[in-house]
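Q: okay, predicted coordinates and the sequence, questions at the end:
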Amino acid sequence: MAKKLFGTDGIRGVAGQYPLDPQTTHAFGLALGNVARHLGPNPQIVIGMDTRESSPWIAGQVAGGLKEAGVGVRLAGVVTTPGVAFLTHTDSFVAGVMISASHNPYRDNGIKVFGHSGYKLPDDEEHAIEEEIFRLLERGVDAVPLEFPVDDGLDRRYVDNLLSTVTIPFKELSLVLDCGNGAASHLAPELFRRAGADVRSIGCAPDGRNINLGCGALDVEALRQAVLKSKADLGVAFDGDADRAIFVSKSARIVDGDAVLLIASRELQASGRLPHNLVVATVMSNLGLEKALESDGVRLTRTAVGDKYVLEEMLRSGAALGGEQSGHVIFTGYSTTGDGMLTALKITEVVARTGLGLDELAADMKAFPQKLVNVRVREKKTLADLPSVVREIRECEAALDGSGRILVRFSGTEPLARVMVEASDPRQVEEFSARIAAAIEREIG
């Protein structure tokens, strides 16, 4: 059965508006609490949040609902999404809740839920919570928030755990970190300084409204300039909740999730820690990654877009490495979810161990020309219901004749249709992406 509230990455929307209004967020906490009551005696749930101005009141409403259900709550304060997953998994919490809209603008927010396993809830459990939310809303909900202090020790435990994975000191390395004015702002600089690196930080002054604004993983120009100006060895940019990371080399080359997967796969393969010589990525990953992995004898398996689906395939196939071009990278040997700060540690370790920069490490990642066009839509339909769009796609695919790929999908978190065209000929990329986007605009734009 289709879910109505949960998308590919939790519940997301404009803060203050349904489904992120006070009544619905309180009902979410109460619904989750009603489920949690059956998971053991005196259940507790941990809540973390990013730096949006709406995050504290949403956390308060969720906590109020949990308290109404008789469930204990501990607040980790501003912490990353993978930090919440780690705490949920390694402590006695029956579930963890992260208040964040990840890479979205500050006006948006979201709610992500992790089970005690540290993994995001499966679809059937999300659907059951949805049904309980609707039942509660129909009955009527008193949206009374809960005010409670931050447990300062929780985020410390997460940082200490990340530091424990470092096997080589970063003493000779200089880094620039762009924390996107988000959840990593006070954590990442401390982590890398403790690891021995010379750290310069930007995007570390959150004011509630500047998260992801002209900074972080979605806009790395400031990071590129900072790396060049400071002559740093590399730069790392995190998104708002730091579950993804994008890198910048010493020459200011952008090193995205595809190149990171290539670098990490070679490191794991060399040490015998790449089971089945397999890497999992999504349909958005560049053909260049697939070709480079093939030359190493490594197979690439693709999934639907979303780190949730990458992780599901990794667990099914026994893969140790997977991720997305956007910078979500999952190391199952260390974490239950994509973790931008962990990824940054692992890639910096490769640089420290080999003495090579990211330019050299990613030199043979030859990306095919690729363009992604976002079309804002008034409704989401199946492609079968959009005959003129299907016609354009088929004509463009016939012209490519196997020398590229076309992918059209709807965002799971925003009212957008995404058109991706990839080909060896950049002129075809431009022409075909424009044609298909225009067809979508005519139909449902």
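A: Looks like it arrived, so ask away.
Q: element containing the residue lying closest to residue 392 once chain neighbours are set aside?
A: Excluding its sequence neighbours, the residue lying closest to residue 392 (C-beta to C-beta, 6 or more residues apart in numbering) is residue 439, at 4.5 Å. Heads up, the C-betas are built off the backbone N, CA and C, glycines and all. Residue 439 belongs to helix 426-444 when assigned by DSSP states H and E.
Q: for that helix, buried residues please.
A: 428, 429, 432, 433, 435, 436, 437, 438, 439, 440, 443, 444 (16 or more other C-beta atoms under 10 Å).
Q: how many other residues sit next to the closest residue to residue 202 other than its chain neighbours?
A: The shortest distance from residue 202 to any non-neighbouring residue, by C-beta to C-beta, 6+ apart, is to residue 178 (5.0 Å). When neighbours are counted by other C-beta atoms under 10 Å, residue 178 registers 31.
Q: and for the closest residue in space to residue 299 that isn't next to it in sequence, the neighbour number?
A: Of all residues not flanking residue 299 in the chain, residue 278 sits nearest, at 5.3 Å (C-beta to C-beta, 6+ apart). Neighbourhood size, residue 278 [other C-beta under 10 Å]: 20.
Q: and residue 278, how far is that from residue 316?
A: 11 Å (C-beta to C-beta, to the nearest Å).
Q: what is the helix holding residue 439 packed up against?
A: Applying 3 or more C-beta pairs under 8 Å, 6 or more residues apart in numbering; DSSP states H and E, we find helix 426-444 packed against strand 370-376, helix 387-400, strand 404-410, strand 416-423.
Q: adjacent strands (with direction) for the third one?
A: Applying DSSP bridges to the sheet, strand 404-410 is found paired with strand 416-423 (antiparallel).
Q: next one: the first one
A: Applying DSSP bridges, strand 370-376 is found paired with strand 416-423 (antiparallel).
Q: picking up where we left off before, just the buried residues of helix 426-444 now: which is nearest residue 362?
A: Among the buried residues of helix 426-444, residue 429 lies closest to residue 362 (C-beta to C-beta), at 21.3 Å.
Q: check contacts around the closest one.
A: 369, 370, 371, 404, 421, 422, 423 (C-beta atoms under 8 Å, 6 or more residues apart in numbering).
Q: likewise residue 113?
A: So residue 113 contacts 10, 32, 95, 96, 97, 98, 120, 121, 126, 129 (C-beta under 8 Å, 6+ apart).
Q: ranking by neighbours, what's the top pick from these?
A: If you rank the contacts of residue 113 by neighbour count (other C-beta under 10 Å), residue 98 sits at the top with 31 neighbours.
Q: SS state for that one?
A: Three-state assignment for residue 98 (DSSP: H, G, I helix; E, B strand; the rest coil): strand.
Q: isn't it up against residue 241?
A: Yes: here residue 98 reaches residue 241: they are 6.7 Å apart, a contact under C-beta atoms under 8 Å.
Q: what do those two both touch?
A: With C-beta under 8 Å, 6+ apart, residue 98 and residue 241 have common neighbours 50, 81.
Q: which residue comes closest to residue 249 once chain neighbours are left out?
A: That would be residue 358: by C-beta to C-beta, 6+ apart, it lies 3.7 Å from residue 249.
Q: in the stretch 1-150 of the chain, which spans are strands?
A: 6-7, 10-14, 44-49, 72-78, 95-99, 108-115 (DSSP state E, counting those that start in this stretch).
Q: restricting to C-alpha, output the second one in PDB.
A: Same thing as strand 10-14. Output of strand 10-14 as PDB, limited to C-alpha atoms (Å, rounded to 0.1, in the frame of the first residue of the first chain):
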ATOM      1  CA  GLY A  10      11.200  10.300   6.000                       C
ATOM      2  CA  ILE A  11       8.500  12.900   6.300                       C
ATOM      3  CA  ARG A  12       9.400  16.200   4.600                       C
ATOM      4  CA  GLY A  13       7.700  19.500   3.900                       C
ATOM      5  CA  VAL A  14       7.500  23.200   4.700                       C
END
